[in-house]
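Q: can you look at this prediction? I've put the sequence above it.
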Amino acid sequence: MSKPITENTLFYGDNLPILREYVPSESVDLVYLDPPFNSNRSYNVLFKDESGQEADAQLTAFDDTWHWGDNAEQTYHALVSEGAANVSALMGALRQMLGTSQMMAYLVMMSARLVELHRVLKPGGSLYLHCDPTASHYLRVILDTIFSPQYFQSEIVWKRYGAHNDSKGYGAVHDVILYYSKGRPAVFNKQYQGYDEQYVSERFRFQDPDGRRWSEQNLSSPNPRPNLTYPYTASNGITYQPPPNGWKYTRDRMEELDRQGRLHFPKREGGRLRLKNYQDEMPGVPVQDIWTDITLIGGTSPERLGYPTQKPLALLERIIQVSSNPGDIVLDSFCGCGTAIAAAQKLGRRWIGIDITHLAISLQKYRLQSMFPGIALKVIGEPEDLGAARQLAADDRYQFQWWALSLIRAKPLGGQE
């Protein structure tokens, strides 16, 4: 049995064996994963079988490295023969429908990893899977099977672009984030976003001399309250008779609100007292399941690292703030340039990052060191001596060159690896 990971750790390698070997069951509070998809390039590849025959319904899909071969076949066999009965049945049904296509390879490889990610989550932990509409429907069925439909929480739509002029159809401007929990209650810290200008002008129609905007609120009790039926003499010297159901507050509380200048006195005779609700004291609008307030990172943004699928830090901060607490462990098993773990570090969470390329691991390491000088982190899987470097060069010359370039802090140029 693997020991709990107590240090912030980056792993180089395939996340499936790393999850099995290093991450104990029920040890992680939040999982975020953004596996390869759509990378801003369009190829009709996922619904071809490995003989090269195109499916009847051509779908524009994502350029990735998932292909049907011995590894996919072995993983499929393990899921069918050794996995839970419901997972086995689903894999068989998907293969009957999709054949040995690249989409099927993708779903098989994702299913094996989602089984492990479900295992490592604590009871009540959460998982967010970032995908696009090409595969989100398949992934949701897989997640329903592994997590159970009752633990589906939300399908979040993130509008990443303002508009696309696509001559072939509707502009594709959004990604999908599937949110599941492992049991209940799950951590959910409600977040808010600011009111738009139109809402402010319509809802908070009044202003104090200092410019603070406010709206009126009724001071009448919604239910009969005889004990709060009293005449109230306000600071302006006028006595106001109680509403039919009585006041909402006690006399002491009314006097306190009056001293604070929070009572609005009617201008006409017989008008009702009102309470001032100040806009700057309201939390804002609770975040809904359509996110339009976080945009894609611009080409000139100082946040951009040149990584083709980089997500905004604000996006990951929202997810981490909602579904974890300070000190919790956040796991990103496809961590790319490390936005999730950077957000976790910024927000006082512990973290585990895994990626299959040395380019990504080096980007993450240097990004964290730049953002958080003196940060303590552990890297597992990088060469630590000359023998290990030679072995890496023999095993994979491309990974060796990326690792070697990382020693001089080289970065990808123009989003190319």
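A: Alright, I've got the coordinates.
Q: for the stretch 301-417 of the chain, just list every one of the strands.
A: 329-332, 350-355, 378-380 (DSSP state E, counting those that start in this stretch).
Q: and what of the stretch 1-150 of the chain?
A: 9-12, 28-33, 121-131.
Q: ok now stretch 312-321, how far from the chain's centre?
A: 6 Å (CA atoms, centre = their mean, to the nearest Å).
Q: buried residues in it?
A: 312, 313, 315, 316, 317, 318, 319, 320, 321 (16 or more other CB atoms under 10 Å). To be clear about C-beta, it is placed using only N, CA and C from the backbone, and glycine gets the same treatment.
Q: turn these into a markdown table, columns for pLDDT.
A: Formatted as a markdown table, these follow (pLDDT from 0 to 100):
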| residue | pLDDT |
| --- | --- |
| 312 | 93 |
| 313 | 95 |
| 315 | 96 |
| 316 | 97 |
| 317 | 97 |
| 318 | 97 |
| 319 | 98 |
| 320 | 98 |
| 321 | 98 |
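Q: mind putting those residues in CSV, distance to residue 115 included?
A: Compiled in CSV, those are given as follows (distance: CB to CB, whole Å):
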residue, distance to residue 115
312, 30
313, 30
315, 26
316, 24
317, 28
318, 27
319, 22
320, 24
321, 28
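Q: and of these, the nearest to residue 221?
A: residue 321 (36.1 Å; CB to CB).
Q: was I right about that closest one contacting residue 349?
A: No: shown here, residue 321 and residue 349 do not form a contact pair, counting by CB atoms under 8 Å, at 9.6 Å.
Q: quick revisit: now for the strands of the stretch 1-150 of the chain, which one comes closest to residue 332?
A: The nearest among these, by CB to CB, is strand 28-33 at 5.2 Å.
Q: so who does residue 261 touch?
A: Remark: with contacts taken as CB atoms under 8 Å, 6 or more residues apart in numbering, residue 261 is in contact with 208, 276.
Q: apply 10 Å and report the result again.
A: Residue 261 makes contact with 208, 235, 276, according to CB atoms under 10 Å, 6 or more residues apart in numbering.
Q: related to what we said a few turns ago, would you reformat the strands of the stretch 301-417 of the chain as CSV and include mean neighbour count, distance to residue 153 and mean pLDDT?
A: What follows is the strands of the stretch 301-417 of the chain, written out as CSV (neighbours: other CB atoms under 10 Å; distance: least, CB to CB, whole Å; pLDDT from 0 to 100):
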stretch, mean neighbour count, distance to residue 153, mean pLDDT
strand 329-332, 26, 17, 98
strand 350-355, 26, 22, 95
strand 378-380, 14, 32, 88
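Q: got JSON lines for these, with distance to residue 72 too?
A: As requested, these are exported to JSON lines (distance: least, CB to CB, whole Å):
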{"stretch": "strand 329-332", "distance to residue 72": "23"}
{"stretch": "strand 350-355", "distance to residue 72": "20"}
{"stretch": "strand 378-380", "distance to residue 72": "26"}
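Q: just tell me which of these ends up closest to residue 200.
A: Once the strands of the stretch 301-417 of the chain are compared by CB to CB, strand 329-332 is nearest, at 34.5 Å.
Q: ok, back up a step: between the buried residues of stretch 312-321, which is nearest residue 374?
A: So of those, ranked by how close each gets to residue 374 (CB to CB), first place is residue 313, at 20.0 Å.
Q: ok, that closest one to residue 304 distance?
A: To residue 304, residue 313 is 11 Å away according to CB to CB, to the nearest Å.
Q: contacting residues for the residue nearest to residue 25 when sequence neighbours are not counted?
A: Closest residue to residue 25 apart from its sequence neighbours, by CB to CB, 6 or more residues apart in numbering: residue 119 at 5.2 Å. With contacts defined as CB under 10 Å, 6+ apart, residue 119 is in contact with 19, 20, 23, 24, 25, 26, 27, 28, 146, 182.
Q: spatially central, which residue of this structure would that be?
A: residue 319 (3.9 Å; CA atoms, centre = their mean).
Q: for that residue, list the residues it contacts.
A: Counting by CB under 10 Å, 6+ apart, residue 319 has contacts 30, 32, 126, 128, 130, 156, 177, 179, 191, 311, 330, 340, 343-344.
Q: kind regards, and thank you for your time.
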